[in-house]
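Colleague: Sequence and computational prediction follow.
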Amino acid sequence: MKKENKSVIIWLLSGCFLVFVMVVVGGITRLTNSGLSMTDWHLVTDTYPPLTETKWQETFEQYKQFPEYQKINIHNDFTLSDYKFIYFWEWFHRLIGRILGFVFIIPFVYFLIKKKIDKNTLNKCYILLGMGAFQGFLGWFMVRSGLIDNPDVSHFRLSLHLTFAFITFAYTLWVALDLIYPIRNKAILPLKKIAVFALIFLLLQIIYGGFVAGLNAGLIHNHWPMMSDGQFLHESVILEKDTWFQRFTEGKSGVQFVHRTLAYVVVGLILFLFFKSKKYSLTQQQKNGLNALVVIVFIQFTLGVFTLLYSVPLWLGLTHQVVAFFLLTAMTYSLHRLSK
């Protein structure tokens, strides 16, 4: 690592940490059904929550005009105190997004002025800037889907918002790793190819994790290793939707089945990568990355099983999402070390 890159690396890793925090808070927001509490979006005026009881009441009355209250919470003795609770998590989620924007843009401008970023890294930072802006759009695009008629966000939009956050995190980490390890080593191509496949299936698993969350598909078939009634592919997968595409993208049972099955694929690919690597002479960095990858994938698999068995309690669902970040971190690091 070059000494002059240290401040840029700290900046990029700080961005990774804030993306991580934002997704964790986003998970809490989803699991507490808080995501539709703020029915509008303003860049400045939403920075602070309502500061007076009158303003709180006005905001609550505005919330009552939308489907989530009219179709669900109106029947639950939903009070202003309940509303303040769900409002907090959505507001906090958006606040972290604003902080993340400032943490990226202000140091970026400083580094530009001081010419601390080389041309190659600068181009990558422009991509990161665009990804951050697009992620903000995706957040509002997701929320909008739950404010029109159906009092729940589209699981497609939720998964897109979640997955793109993971991708943004991984790319930011990759850019930081390029600076941490400026000396390029020869890539181990056979291992790199396996790692790329493992990363693709991991991202596909994250997409389906978003589908499961968006459809509340973790609340059914709370059995393992089989689905309900001791069936590997439960009959409800076929009964729920008319076509196989719909069954595996819109049906609760089908989506859960795919998420279950992909877990085995991800574990299998990572184990294949690990045992295949034994045939090569690896650096200590490469060994550390692969060892961490194996440990974390088994922790994540175990968490997934217990999250399902206990019908997604808040702490388990959140922990499962957090460890997914650690798994993606280990995967990104391992691929980087096998590639460069």
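Modeller: Perfect, thanks for sending it.

Colleague: So what's the residue count around M142?
Modeller: Using other CB atoms under 10 Å, M142 is surrounded by 21 other residues. For the C-beta atoms, the positions are set from N, CA and C on the backbone; glycine is no exception.

Colleague: do the same with the one 5 residues further on
Modeller: L147 is flanked by 17 other residues according to other CB under 10 Å.

Colleague: any idea whether it is helix, strand or coil?
Modeller: On the three-state scheme (DSSP: H, G, I helix; E, B strand; the rest coil), L147 is labelled coil.

Colleague: for it, what are its contacts?
Modeller: Neighbouring residues of L147 by CB atoms under 8 Å, 6 or more residues apart in numbering: L36, T39, F66, P67.

Colleague: of those residues, closest to G214?
Modeller: L36 (12.8 Å; CB to CB).

Colleague: tell me which element that closest one is part of?
Modeller: Taking DSSP states H and E as the definition, L36 sits outside all helices and strands.

Colleague: Please apply the same query to F197.
Modeller: helix 189-215.

Colleague: just checking, what packs against that helix?
Modeller: helix 155-180, helix 252-277, helix 314-339 (3 or more CB pairs under 8 Å, 6 or more residues apart in numbering; DSSP states H and E).

Colleague: Save these as a markdown table, and put in mean pLDDT, mean neighbour count and distance to I148 too.
Modeller: Shown next, in a markdown table, are these (pLDDT from 0 to 100; neighbours: other CB atoms under 10 Å; distance: least, CB to CB, whole Å):
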| stretch | mean pLDDT | mean neighbour count | distance to I148 |
| --- | --- | --- | --- |
| helix 155-180 | 96 | 20 | 12 |
| helix 252-277 | 98 | 19 | 22 |
| helix 314-339 | 95 | 20 | 26 |
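
Colleague: Let's have those helices in JSON lines, adding distance to K186.
Modeller: Putting these into JSON lines (distance: least, CB to CB, whole Å) gives the following:
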{"stretch": "helix 155-180", "distance to K186": "16"}
{"stretch": "helix 252-277", "distance to K186": "15"}
{"stretch": "helix 314-339", "distance to K186": "10"}
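
Colleague: and of those helices, who's closest to W244?
Modeller: helix 252-277 (8.3 Å).

Colleague: which element follows that closest one toward the C-terminus?
Modeller: Counting by DSSP H and E, what follows helix 252-277 is helix 284-309.

Colleague: Helix 252-277 and that next one, what's the angle between them?
Modeller: Orientation check (axes from the mean of the first three to the mean of the last three CA atoms, to 10 degrees): helix 284-309 against helix 252-277 gives 160 degrees.

Colleague: And helix 284-309, what does it pack against?
Modeller: helix 252-277, helix 314-339.

Colleague: Take the ones you listed and write them to JSON lines, including distance to W56.
Modeller: What follows is those, written out as JSON lines (distance: least, CB to CB, whole Å):
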{"stretch": "helix 252-277", "distance to W56": "36"}
{"stretch": "helix 314-339", "distance to W56": "25"}
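
Colleague: nearest to V175, of those helices?
Modeller: Of all these, helix 314-339 comes closest under CB to CB, at 10.2 Å.

Colleague: and the next element down the chain from the longest helix that the chain contains?
Modeller: The residue-count maximum for a helix in the chain (DSSP state H) belongs to helix 80-114. Sequence order places helix 119-144 as the next helix or strand after helix 80-114, per DSSP H and E.

Colleague: Run the chain-centre distance for that next one.
Modeller: Its chain's C-alpha centre and that of helix 119-144 lie 15 Å apart, by CA atoms, centre = their mean, to the nearest Å.

Colleague: Stretch 225-241 now?
Modeller: The answer for stretch 225-241 is 27 Å, by CA atoms, centre = their mean.

Colleague: Could I get the buried residue list for that stretch?
Modeller: M227, H234, S236, V237, E240, K241 (16 or more other CB atoms under 10 Å).

Colleague: got JSON lines for those, with distance to K119 too?
Modeller: Output for the buried residues of stretch 225-241, formatted as JSON lines (distance: CB to CB, whole Å):
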{"residue": "M227", "distance to K119": "53"}
{"residue": "H234", "distance to K119": "55"}
{"residue": "S236", "distance to K119": "55"}
{"residue": "V237", "distance to K119": "51"}
{"residue": "E240", "distance to K119": "52"}
{"residue": "K241", "distance to K119": "50"}
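
Colleague: Out of those residues, list just those in strands.
Modeller: Among these, DSSP state E puts none in strands.

Colleague: Chain neighbours aside, what residue packs nearest to M142?
Modeller: With CB to CB, 6 or more residues apart in numbering as the criterion, M142 has its nearest non-adjacent residue at 4.1 Å, and that residue is R157.

Colleague: How much space separates that neighbour from Q70?
Modeller: 21 Å (CB to CB, to the nearest Å).

Colleague: Also A133?
Modeller: Where Q70 is concerned, A133 sits at a distance of 33 Å (CB to CB).
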